[in-house]
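Participant: make a model of this:
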Amino acid sequence: MNSNNSRGYFISVIFIFLIYTGYTQPIVIDQVVGVVGSNMILLSDVENQFNQMKAAGTDVDETSRCKVFEELLVQKLLINQSKIDSVEVSAASVEIQLEARLKYFVNQIGSKEKLEAYFNKPYLEIKEDLRSKVRDQLITQKMEAEITGDTKITPTEVEDYYKSLSKDSVPYVGSQIEYCQINKYPKYTDDAIYEVKEKLLDLRKRIIDGERFSTLAKLYSEDPGSARNGGEIGFMSKGELDPEYAKIAFTLKEGQVSKIVESQFGYHIIQLIERKEDKINTRHILIKPKASITAFTEANRFMDSIAGLIRNDSLKFNKAALYFSDDKNSKLSGGLVLNPQTNSSKFEMDQISPTDYYALKNLNVGQVSDAFQSLDESGKQVVKTVMLKSRTTPHRANLTDDYQIIQEMATNHKKEVMLKNWIVNKQKTTFITIKDPFSTCVFENNGWIKHDK
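Facilitator: Numbering: from 1, shown residues only. Next up is the predicted model:
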């Protein structure tokens, strides 16, 4: 078996290419080259995926088609079992994924009209072409999750896995750091907040009077991630949204525009686009109050005085964070910052914001920076000082410094073994037919040819 990552790659690249390859690649004279249960694999399925690999710059050779074919055999085996076990995905889940992928395609090419022109198909027809592929992927993922379950791994298993790795298989870990911070938010004046609310009220009136919400979002919203999409943020559940945002957004009717909403990010007006089961798709315009130069000067002066006390050993950094930091996420842990990508305290340098990076890069372990201006995880302006807690040199991963990395590798390996064993067992009881030109392939799992005729 290939790794989960490899299988995920094969499954994901199929979406764009299987649907649209007919417009950019020579036509394949189609035929059935494999059957798993009641699920067929067409020659075009294999060729399309193989061509997509080449287009993506992946090294391929004559064995690559056989590898692609085996990946499709695995996918069809999982789909076949999903029918037996009545494992399904909701229409709403498929729709949400469809919208996300189509939104990505539109962003890449520029507009819906350009997408339609490029593929010479109406948008809704493109969507329908993609629907079955999205559904198959979601079912495949759900079946894999059913098979591997909530896989647990013991410290002994992690250690045994690490010892089993060859030297070249142990990942190389770049330099990582841990750091602590003390944050101070410059205070906004009442006038700054009033100015933001007046601007949003004016924009809301213009929308109600007939102007397009999406156009105004592109022009005025201070959320760069959604502004380029007309303020649209996609389908999300209550738990995925800011609580204050969600509380209002979920009360709206489709097309309705909210009154002003204050969240941790700033002030918004929100429009409900669509509701599906427990998720909604909204667009918004975000505007943030701006602190005055005087407020920034005061915050900088305060933070520099704190940094001075720490350097003179008159105050410990962890105590200063507890007493003075405005960052609720780190103040109780002595200011220690957690990496949101890994949920650990270690960061590679490219995972740190540019402002924090420049403040940290020349510090020695234990040193404290001068005060500097930055943005927090919500995009709010903040003044902070940071302390470098630790720095590692580039090295091969080891159990002492990189346990979490090795634990994740060991867990994934355990899941792969479970899935491979499941495949071996299901091959024995599932009708499988493999036809030329793949009947002579050398597969990683020889059980595929058991029922070949």
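Participant: in this protein, which residue is closest to the centre?
Facilitator: residue 341 (9.4 Å; C-alpha atoms, centre = their mean).
Participant: can you count the residues close to the nearest residue to that one once chain neighbours are set aside?
Facilitator: Using C-beta to C-beta, 6 or more residues apart in numbering and skipping residues adjacent in sequence, the residue nearest residue 341 is residue 351, 6.2 Å away. Bear in mind the C-beta positions are built from the backbone N, C-alpha and C, glycine included. Residue 351: 14 surrounding residues under other C-beta atoms under 10 Å.
Participant: and what of residue 117?
Facilitator: When counting by other C-beta under 10 Å, one arrives at 11 neighbours for residue 117.
Participant: state the distance from it to residue 432.
Facilitator: 42 Å (C-beta to C-beta, to the nearest Å).
Participant: any idea how far the closest residue in space to residue 189 that isn't next to it in sequence lies from residue 187?
Facilitator: Once flanking residues are discounted, residue 189 sits nearest to residue 292: 6.3 Å by C-beta to C-beta, 6+ apart. Separation of residue 292 from residue 187 (C-beta to C-beta) stands at 9 Å.
Participant: what do you get for residue 302?
Facilitator: From residue 302 across to residue 187, the span is 11 Å (C-beta to C-beta).
Participant: show me which of those two is the more surrounded one.
Facilitator: More crowded of residue 302 and residue 187, by other C-beta under 10 Å: residue 302, with 17 against 14.
Participant: just give the nearest non-adjacent residue to the more buried one, would you?
Facilitator: Closest residue to residue 302 apart from its sequence neighbours, by C-beta to C-beta, 6+ apart: residue 184 at 6.1 Å.
Participant: the one you found bridge partners, please.
Facilitator: residue 383 (DSSP bridges).
Participant: equivalent analysis for residue 269, please.
Facilitator: With DSSP bridges as the rule, residue 269 is bridged to residue 285.
Participant: does it touch residue 205 like I think?
Facilitator: No - if you go by C-beta atoms under 8 Å, residue 269 and residue 205 don't touch, sitting 10.3 Å apart.
Participant: higher neighbour count, those two?
Facilitator: The neighbour count for residue 269 versus residue 205, taken as other C-beta under 10 Å, is higher for residue 269 (25 against 11).
Participant: report the separation between the more buried one and residue 216.
Facilitator: From residue 269 to residue 216 the distance is 9 Å (C-beta to C-beta).
Participant: hey, what's in contact with both of those two?
Facilitator: Both residue 269 and residue 216 are contacted by 203, 207, 285, under the criterion C-beta atoms under 8 Å, 6 or more residues apart in numbering.
Participant: now pLDDT too, for these, in a markdown table please.
Facilitator: Output for these, formatted as a markdown table (pLDDT from 0 to 100):
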| residue | pLDDT |
| --- | --- |
| 203 | 97 |
| 207 | 96 |
| 285 | 97 |
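Participant: now render those as TSV, adding distance to residue 402 and neighbour count.
Facilitator: Below are those laid out as TSV (distance: C-beta to C-beta, whole Å; neighbours: other C-beta atoms under 10 Å):
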residue	distance to residue 402	neighbour count
203	49	21
207	51	19
285	44	29
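Participant: now do the buried residues in the host helix or strand of residue 129.
Facilitator: If you go by DSSP states H and E, residue 129 is part of helix 123-148. Buried residues in helix 123-148, counted by 16 or more other C-beta atoms under 10 Å: 126-127, 130, 133-140, 142-144, 147-148.
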